[in-house]
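Q: Quick one: sequence and predicted model below, then my questions.
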Amino acid sequence: MPDMNLIPAWTALFMGLFGFFVGIGALRRPDHWERLLAEIAASPALQVVTGLVEMAIGGVVYLANPWDSADWLSSALAVVGGLLVLEALAIIAFSDIYLAFWVRRFGPLARLWAWCSIAVGVAAMVIAALRF
């Protein structure tokens, strides 16, 4: 049976890897994420699929990391999972407003967002590595 105490570490590792490589991709192609957001904003089908995928990922993160745990990382990840679910609901119900907000913010600050994503990704990977 797997060690259930490592679930927060694995969750942090995978989220960290995602954030790190998203940031690398955004630095390589600065317009990539702005175009991605614009495409989602223009397509009702992509809005629903994006919301569904984000809700599924957020739900899994939330359910796998108990909020009332004595482990601070598990509690923090439960909050992140809950926020992912809330964002998914916002995308599904208010995509015109929500995505327009992010499309306007992303373009001029693309490099800053990329570096923030890399920094958060590295921090999550380091936290995870300290748990193994």
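A: Noted; the coordinates are in hand.
Q: Report the spatially nearest residue to Trp115, omitting neighbours in sequence.
A: Gly23 (6.6 Å; Cβ to Cβ, 6 or more residues apart in numbering). C-betas here are computed from N, CA, C, even on glycine.
Q: who are the neighbours in contact with Phe21?
A: Gly121 (Cβ atoms under 8 Å, 6 or more residues apart in numbering).
Q: same question, Gln47
A: Gln47 neighbours (Cβ under 8 Å, 6+ apart): 40-41, 91-92, 95, 99.
Q: who wins for most neighbours among the residues you listed?
A: Counting neighbours by other Cβ atoms under 10 Å, Ile91 leads the contacts of Gln47 with 24 neighbours.
Q: from memory that residue sits against Tyr98, does it?
A: Yes - the pair Ile91 / Tyr98 is scored as a contact, 6.0 Å apart, by Cβ atoms under 8 Å.
Q: and which of the contacts of Gln47 is nearest to Val53?
A: Ile91 (10.0 Å; Cβ to Cβ).
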